[in-house]
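Visitor: need coordinates for the below:
(chains A, B, C and D)
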Number of protein chains: 2
Amino acid sequence: MSDLLERLRGRGWRMTAQRRVVAEVLDGEHVHLTADEVHARAVAKLPEISRATVYNTLGELVSLGEVLEVTTDKRAKRYDPNAHRPHHHLVCARCGAIRDVRPKGNPLADLPDSERFGFTVSDVEVTYRGLCPDCTAG
Amino acid sequence: MSDLLERLRGRGWRMTAQRRVVAEVLDGEHVHLTADEVHARAVAKLPEISRATVYNTLGELVSLGEVLEVTTDKRAKRYDPNAHRPHHHLVCARCGAIRDVRPKGNPLADLPDSERFGFTVSDVEVTYRGLCPDCTAG
DNA sequence: TCCTACAATGGACAATGTCTAAGTCAAGCG
DNA sequence: CGCTTGACTTAGACATTGTCCATTGTAGGA
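Guide: Here you go, the predicted structure:
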C-alpha cells in the first residue's frame, strides 16, 4: 500500500515503476506468493519487468524487514507481506495451502539456556503441518 | 547402524550395496547432511553410485519414517537420521550450522481449535534462528 | 543355477535462484 | 529545465538442486 511505499521512500529507496509494481503485488493479496508468482503478477501490470528485478526487489524488501521469507517445503521460497504482525504458518502437506495462525504460547521462552549451546537466539519459526479441509475430505 | 539395516530388511527392503552405503553414511555422522553431501560420502565408499540412486534411497528412507527431511533455508533439503527422537532445530543464520534441541513445551497444544481452520494438524516443526558462538564472536 | 521383479545407472530435463555486462533512468544540482 | 551520475533494470548465461526415463544390472526366491 502507500504505507509501504512511504516507508521505503523515507529510507532513501529510489522509486521506480518496477519496485512500485512489486510492492503493489505483495500488498494486493495477503497470500504467500512464490517469487515466480510475484513475477507473473508483476508482468501483468508492467510487461517488460524482468525476473532478476523481481528477485532483487524481493531480496531488498526482506533485508529491510518489510517482507518475510517463508520456506515451508523445498520448492520455492514464499514471500509474506504480513511482516509486522508476528505469526506462524499452517501448511497442507498435500496441496501446499498456507494459512497464517497465531498460537498462544511463546516458543522462544520454551528453549531453556541449557539448550541454546551458546547461540544468540533471536527468532523462532513454527510450521504446523497437516491436511486442509479439502484434502482431508478428498 | 545395523539397527537401521535390520529394520529395513524386516520391512522387505531389498538390500543392495548402494542402499547399505547410504544408510551407513546417514548413520555414521549424526549431523544434517544435504543430499549432495550424502552422495559425496557415498561415492567415497562406493565410487560408482549414482546421484539418482542416492536421491531415491533418501526419499524411501523418508517415506519409511527412518529419516526426517529438514528444510531450514531454501538451499538443499537436509536429512536428519535422528527420526526416532522428537526434537527441533537451532540454526545459525550466518554459517548455517544446525543443532538439535529439545524445548520444554508442546507447540501442538498451543494451537487452539479456533486457529486450526478445519485442518487436521499432525505435526509441528520449530526452527530457532540466531548466531552460533563462533559467528557471534566473529 | 536360472528367472524375474525390483533396483541402479547416467544423462537429459525441469525448477529455482544468482550473476554480469551493458543500457536506462530517477533525482539532485546548477 | 536540462545535465550528470550512480543506482536500477535488463536479458540471458550460468549454477544448484532435484526428477524422470530407458536401459542395464542384480538380489533373492524357485
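Visitor: for chain A, just list every one of the helices.
Guide: A:2-10, A:17-28, A:35-45, A:51-63, A:133-137 (DSSP state H).
Visitor: hmm, the shortest one in reach of chain B?
Guide: Yes. For a cut-off given as CB under 8 Å from any CB of the partner chain, helix A:133-137 has contacts with chain B, namely A:133, A:136. Heads up, the C-betas are built off the backbone N, CA and C, glycines and all.
Visitor: now that helix: mean pLDDT?
Guide: Mean pLDDT, taken over the full extent of helix A:133-137, equals 80.
Visitor: what does the helix or strand of chain A with the lowest mean pLDDT rub up against?
Guide: Taking all helices and strands of chain A together, the one with the lowest average confidence (mean pLDDT, DSSP states H and E) is helix A:2-10, at a mean of 78. Outside of helix A:2-10, the residues that reach it under the criterion CB atoms under 8 Å, 6 or more residues apart in numbering or on different chains are A:15, A:19, A:20, A:23, A:26, A:27, A:64, A:66.
Visitor: give me the number of residues near the closest residue to residue A:33 other than its chain neighbours?
Guide: Counting by CB to CB, 6 or more residues apart in numbering or on different chains, residue A:79 is the residue found nearest to residue A:33 once chain neighbours are left out, at 5.8 Å. A count of nearby residues for residue A:79, using other CB atoms under 10 Å in any protein chain shown, gives 24.
Visitor: can you put the helices of chain A in JSON lines and add mean neighbour count?
Guide: Formatted as JSON lines, the entries for the helices of chain A read as follows, by neighbours: other CB atoms under 10 Å in any protein chain shown:
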{"stretch": "helix A:2-10", "mean neighbour count": "13"}
{"stretch": "helix A:17-28", "mean neighbour count": "20"}
{"stretch": "helix A:35-45", "mean neighbour count": "17"}
{"stretch": "helix A:51-63", "mean neighbour count": "17"}
{"stretch": "helix A:133-137", "mean neighbour count": "13"}
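Visitor: show me what the longest strand seen in chain A is packed up against.
Guide: The strand that spans the most residues within chain A, counting by DSSP state E, is strand A:120-131. Using 3 or more CB pairs under 8 Å, 6 or more residues apart in numbering or on different chains; DSSP states H and E as the contact criterion, the secondary-structure elements in contact with strand A:120-131 are strand A:88-92, strand B:120-131.
Visitor: check what pLDDT the residue located most distally from the centre of chain A gets.
Guide: Checked against the mean C-alpha position of chain A, the extreme residue using CA atoms, centre = their mean is residue A:114, at a distance of 31.3 Å. On pLDDT, residue A:114 comes in at 92.
Visitor: near DNA strand D, which residues of chain A?
Guide: Among all residues of chain A, those adjacent to DNA strand D (criterion: CB under 7 Å from any atom of the strand) are A:13-14, A:16, A:18-19, A:46, A:48-53, A:56-57, A:74.
Visitor: among those residues, which one has the lowest pLDDT?
Guide: Sorting the residues of chain A next to DNA strand D by pLDDT puts residue A:74 at the bottom of the list (71).
Visitor: that one against residue B:79, yeah?
Guide: No. Taking contacts as CB atoms under 8 Å, residue A:74 lies outside contact range of residue B:79: 11.5 Å.
Visitor: need the residues touching each of the two.
Guide: Taking CB under 8 Å, 6+ apart as the criterion, residue A:74 and residue B:79 both touch residue B:69.
Visitor: for residue A:51, which residues are in contact?
Guide: In this structure, residue A:51 makes contact with A:36, A:39, judged by CB under 8 Å, 6+ apart.
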